[in-house]
Structure formats: C-alpha cells, structure tokens
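Asks: dropping the sequence and predicted coords here.
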Amino acid sequence: MKRARAAWAELSGKAESAIESLDLYVKPEDGRAYYVINGKEFGDIALEG
C-alpha cells in the first residue's frame, strides 16, 4: 500500500495526506497491483520480486 500511495502522489502531484480511501487489487498473473484512490483516481504499480 505504501508504494501505491507514493506512486499516486508522484503522478498526481498531490500530497499523500489527500488520500481518504485506497482500494488495492493484486493480480500476480499480470505482475501488477492496481489501485483506486478516493473512489475515482486509479493506477497500477509493478509487483517486486
């Protein structure tokens, strides 16, 4: 979750403190974790390892 929060903050230019909710969906077969911030902004990050 910490990496998703940081990725969103970097991409959006907003502070992590602006996050009110975070939904995280891990899809190991894709090697990605998908996130939804505050119910409306979304993105994905690569899984490590």
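Replies: Now that the structure is in, tell me what you want to look at.
Asks: can you pull the pLDDT of residue 48?
Replies: Looking at residue 48, its pLDDT is 87.
Asks: wait, a helix at it?
Replies: No - Residue 48 is assigned coil when assessed by DSSP: H, G, I helix; E, B strand; the rest coil, not a helix.
Asks: that one and residue 39: what is the separation?
Replies: 26 Å (CB to CB, to the nearest Å). Placement of C-beta: from N, CA and C, glycine included.
Asks: tell me which of those two has more neighbours.
Replies: residue 39 (10 against 7; other CB atoms under 10 Å).
Asks: shouldn't that one be in contact with residue 21?
Replies: Yes - with contact defined as CB atoms under 8 Å, residue 39 reaches residue 21; the gap is 6.2 Å.
Asks: just give me the neighbour total for residue 9.
Replies: 16.
Asks: over to residue 35?
Replies: By other CB under 10 Å, neighbour count at residue 35 equals 22.
Asks: host element of it?
Replies: strand 32-37 (DSSP states H and E).
Asks: adjacent strands (with direction) for that strand?
Replies: In the sheet, strand 32-37 lines up against strand 22-27 (antiparallel), strand 41-46 (antiparallel) (DSSP bridges).
Asks: alpha carbons of the last one, as PDB, please.
Replies: What follows is strand 41-46 as a C-alpha-only set of coordinates in PDB (Å, rounded to 0.1, in the frame of the first residue of the first chain):
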ATOM      1  CA  GLU A  41      -8.400   8.000  -9.400                       C
ATOM      2  CA  PHE A  42      -6.700   4.900 -10.400                       C
ATOM      3  CA  GLY A  43      -3.300   3.500 -11.500                       C
ATOM      4  CA  ASP A  44      -1.000   0.500 -11.200                       C
ATOM      5  CA  ILE A  45       2.400  -0.500 -10.000                       C
ATOM      6  CA  ALA A  46       4.700  -3.400 -10.700                       C
END
